[in-house]
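> Build me a model from this:
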Amino acid sequence: MLYSFRSRIIMDNDRSLLEKALKLSQENNEILNYLKRAERIKRGAFFVRWLIITGIAVGAYFALTPYLSELRKTYESMGMQIEGALKLFNQLPK
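Numbering: from 1, shown residues only. You can find the predicted model right below:
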């Protein structure tokens, strides 16, 4: 009789410990799922952010290309005019 009473107390104590462990593991699982979801969202936002930055850079390149080519042509023609002026200046009698 004493043995069954002791075993029942130990079993009840074990059951309560198991229930506490189960409750803690469920709480940990919820926290880990939240962290996993937050990390996925963070990675997705990082990817979208760099996709937007890259898209803006490529769009700016294509939008500014005509203006930059005109600017380069103007710079080259000014360089040729300066060279011509220097040739004329060097031809002047000293």
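> where does the chain have low pLDDT?
The model of the chain has pLDDT under 70 over residues 1-10, 94.
> can you give me the helices in it?
All helices of the chain, identified by DSSP state H, fall at 2-91.
> Spatially central residue for it, please.
Most central in the chain under C-alpha atoms, centre = their mean is Phe46, positioned 2.7 Å from the mean C-alpha point.
> can you tell me how far it sits from Gly84?
Distance from Phe46 to Gly84, counting by C-beta to C-beta, to the nearest Å: 55 Å. For the C-beta atoms, the positions are set from N, CA and C on the backbone; glycine is no exception.
> and what of Leu64?
Distance from Leu64 to Gly84, counting by C-beta to C-beta: 30 Å.
> Ok, Tyr67 next?
The gap separating Tyr67 from Gly84 is 26 Å, by C-beta to C-beta.
> Kindly report the same for Lys42.
61 Å.
> Same question for Leu18.
96 Å.
> Same check on Asn28?
Asn28 is 81 Å from Gly84, by C-beta to C-beta.
> Check Gly59 too.
For Gly59, the distance to Gly84 - C-beta to C-beta - is 39 Å.
> ok, now Leu35?
71 Å.
> again, but for Leu51
According to C-beta to C-beta, Leu51 and Gly84 sit 49 Å apart.
> Ile56 too?
41 Å.
> likewise Val48?
Distance of Val48 to Gly84, computed by C-beta to C-beta: 54 Å.
> Check Ser77 too.
Plainly put, Ser77 is 11 Å away from Gly84 if you go by C-beta to C-beta.
> and what of Tyr34?
Between Tyr34 and Gly84 the distance is 73 Å, computed by C-beta to C-beta.
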